[in-house]
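# Next comes the sequence, and after it the predicted model I'd like to discuss.
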Amino acid sequence: MPEAQAAQNHDPAAQGRNLDEYRGVWVFLEVDRGAIARVSLELLGAARRLADALGTQVSGVLLGHGTGHLADGAFAYGADQVYVFDAPIYADYRTEPYMDAFVHLAREKKPEIILLGATTTGRDLASAVATELLTGLTADCTELDIDKDKRLLLATRPALGGNIMATIVCDQHRPQMATVRPRVLPMPAPDPNRRGQVVHLDYVSSPSTAITEVLKVVRDSGEDVNLEEAPVIVAGGRGMGNAKNFELLRELADVLGGEVGASRSVVDAGWISAAHQVGQTGLTVRPKVYFAVGISGAIQHVAGMQGSDIIVAINKDPQAPIFKIATYGIVGDALQVVPALTRAFRAALGKGTAEEPAASTAVSSAAPASAATAQSTPAAQEGGK
Ligand SMILES: Cc1cc2nc3c(=O)[nH]c(=O)nc-3n(C[C@H](O)[C@H](O)[C@H](O)COP(=O)(O)OP(=O)(O)OC[C@H]3O[C@@H](n4cnc5c(N)ncnc54)[C@H](O)[C@@H]3O)c2cc1C
């Protein structure tokens, strides 16, 4: 790189400071197993909202080899155009060539906002691009909004160990960059009639940018838990008492066709594997129904499940913070309430056997008023959780 250009690239006064030159909202279209990753589609929905408020366009950026045909899939979710880099050097994700192409395009087109999924790839690429563009990046956001008068991205994320939610702005530099975890944002409803423009780019990064080589891609077979897709999650915390009692949660989850989730405390205690952890340092989930059983409702846990449609909290402490966000609350001993619910649902869903009591009997016998009191939480009374 010529000396003058190198100096300019590292002079914040010369790069990304003329804020009015920057327009448009970009989304990195990550490719996962031959399709645009779900998180990228979620981001397109957010990008559309931000761009409409700013009166600007949404562009997708797609890198790969032989993946250009995926560009069309982005229009239904809100993109106006998709920039396509298609070359063998982009076949597998590698930081340097992807960063090189992305930065090349960003320097030329000057987007105002760039959004990426907080996946392994998105996090790596975002930090590399932000460093090269000498701009700010807010990682792992849980909410995106816009101050349209100042054209500022309002990027909210947990801060100070998750004890507060901080809204971060990047008011001196452009582009404004943020990563958002999968499933934090709602999936936009696709509009199959939306059309856009595919812009094929000739630019190919020099082989010298690729200082790493991908020899083989080995997928993590991991544990067979699919919390992110589960319609029902029965999650347990320290209030379950021990690892063995998680069997009760498994039985309820099986009856409801769901999965078992967990708080970090019980993962740390070794009661269940990390694949089940929900929260700030675990997974973000949005099931139709989330049972929080013996979980206190720490902000770090809530960060991963508050988008659930219905939250049922079961806790023996009526003051537990989880009741503040619950749609329905049951005050009682989880070891009595959960088996009662399992029996009741089994009967109600026609999965019961002759020996099993009917739903109402099960609930009242296992959860007498003194031990288990169903309560409508303040949030539920106000009509929202
Ligand atoms: C940086 C950071 C990141 C974190 N990330 C995460 C994360 O991703 N996910 C996460 O979950 N946590 C996370 N934590 C930890 C979090 O702060 C809490 O410590 C944790 O969520 C508490 O887990 P718990 O609710 O299971 O346990 P506790 O807080 O001990 O709560 C147990 C609850 O069970 C109830 N209970 C007890 N016995 C019974 C019974 N018999 N029946 C019914 N209820 C009963 C109690 O009343 C209590 O409310 C993080 C913390 C930090 C600092």
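That came through fine. Numbering: from 1, shown residues only.

# tell me, how many neighbours does the closest residue in space to L283 that isn't next to it in sequence end up with?
Spatially, and ignoring its direct neighbours in sequence, L283 is nearest to L227 (5.3 Å; CB to CB, 6 or more residues apart in numbering). Yep, even glycine has a C-beta here, placed from its N, CA and C like the rest. Residues within reach of L227, counting by other CB atoms under 10 Å, total 24.

# Repeat that for G45.
For G45, using other CB under 10 Å, the count is 18.

# if I look at it, how far off is P175?
Distance check for G45 against P175: by CB to CB, to the nearest Å, it reads 19 Å.

# near the ligand, which residues of the stretch 51-200 of the chain show up?
By the rule CB under 6 Å from any ligand atom, the part of the stretch 51-200 of the chain lying against the ligand is 161-162.

# at 8 Å what do you get?
161-163 (CB under 8 Å from any ligand atom).

# F75: which of these is nearest?
Set against F75, the nearest of those by CB to CB is G162 (36.8 Å).

# Quick one: low-confidence residue ranges for the stretch 251-385 of the chain.
Along the stretch 251-385 of the chain, segments meeting pLDDT under 70 span 352-385.

# how about Q319, secondary structure?
coil (DSSP: H, G, I helix; E, B strand; the rest coil).

# Excluding sequence neighbours, find me the nearest residue to the closest residue to the ligand within the stretch 251-385 of the chain.
As assessed by CB to the nearest ligand atom, the ligand sits closest to G279 within the stretch 251-385 of the chain, at 2.3 Å. Leaving aside its sequence neighbours, G279 sits nearest to G304 (CB to CB, 6+ apart; 3.9 Å).

# tally of neighbours for that neighbour?
Using other CB under 10 Å, G304 has 28 other residues around it.

# would TSV of the residues of the stretch 51-200 of the chain next to the ligand with neighbour count and pLDDT be doable?
Converted to TSV, those look like this (neighbours: other CB atoms under 10 Å; pLDDT from 0 to 100):
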residue	neighbour count	pLDDT
G161	9	71
G162	17	70
N163	10	75
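
# Secondary structure for those residues - can I get that in CSV?
Shown next, in CSV, are these (three-state DSSP):
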residue, secondary structure
G161, coil
G162, coil
N163, coil
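
# what about the helices in the stretch 51-200 of the chain?
95-109, 120-133 (DSSP state H, counting those that start in this stretch).

# Switch the ones you listed over to a markdown table; also include mean neighbour count.
What follows is the helices of the stretch 51-200 of the chain, written out as a markdown table (neighbours: other CB atoms under 10 Å):
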| stretch | mean neighbour count |
| --- | --- |
| helix 95-109 | 19 |
| helix 120-133 | 19 |
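
# quick one: contacts for the residue of the stretch 1-150 of the chain found nearest the ligand?
Going by CB to the nearest ligand atom, the ligand is nearest to D140 of the stretch 1-150 of the chain, at 11.4 Å. With contact taken as CB atoms under 8 Å, 6 or more residues apart in numbering, D140 is in contact with 118, 157-158, 179-181.

# how distant is the host helix or strand of Q336 from the center of its chain?
Using DSSP states H and E, Q336 sits within helix 334-348. Taking CA atoms, centre = their mean, to the nearest Å, one finds the center of helix 334-348 at 31 Å from the center of the full chain.

# what does stretch 194-212 give?
With CA atoms, centre = their mean, you get 26 Å for stretch 194-212.

# Wasn't S208 part of a strand?
No. Secondary structure of S208, determined by three-state DSSP: helix, with no strand assignment.

# Number of residues surrounding it?
Counted by other CB under 10 Å, the residues lying close to S208 total 9.

# okay, it: pLDDT?
Per-residue confidence (pLDDT) for S208: 91.
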